[in-house]
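1. Show me the folded form of this:
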Amino acid sequence: MSNIPIEQGVEPDLKAEELAGKHGISVEEAQRIIAENGTDRATIDGAAEAAKDETD
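-> As a prediction, the model looks like this:
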């Protein structure tokens with residue numbers, strides 16, 4: 001369960017939250033990665049690791 005507050009009428013993006021938490025990136029960055037790369041887990045995990053390495 002997420003500890004991010006939920007606005008009324010707005011559904012949480014659980015896939016982006018999971019990706020963000022797993023790789024230590026922001027939810028917004030995770031949403032961008034998913035939008036650009038689709039929902040294939042291996043592809044978005046690789047893109048998230050690359051994004052994390054760019055920010056470190």
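
2. what sits up against stretch 43-50?
-> By Cβ atoms under 8 Å, 6 or more residues apart in numbering, the residues outside stretch 43-50 that reach it are 19, 22-23, 25, 29-30, 33-34, 36-38. C-beta here means a position set from N, CA and C on the backbone, and glycine is covered the same way.

3. Now do the helices in this structure.
-> All helices of the chain, identified by DSSP state H, fall at 14-23, 27-37, 41-55.

4. Going by mean pLDDT, which of the ones you listed comes out lowest?
-> Ranked by mean pLDDT, these bottom out at helix 41-55, with a mean of 90.

5. Just the buried residues of it, please?
-> 44, 47-48, 51 (16 or more other Cβ atoms under 10 Å).

6. So what's the gap between that helix and the chain middle?
-> Distance of helix 41-55 from its chain centroid, counting by Cα atoms, centre = their mean, to the nearest Å, is 10 Å.

7. Check stretch 27-46 too.
-> With Cα atoms, centre = their mean, you get 6 Å for stretch 27-46.
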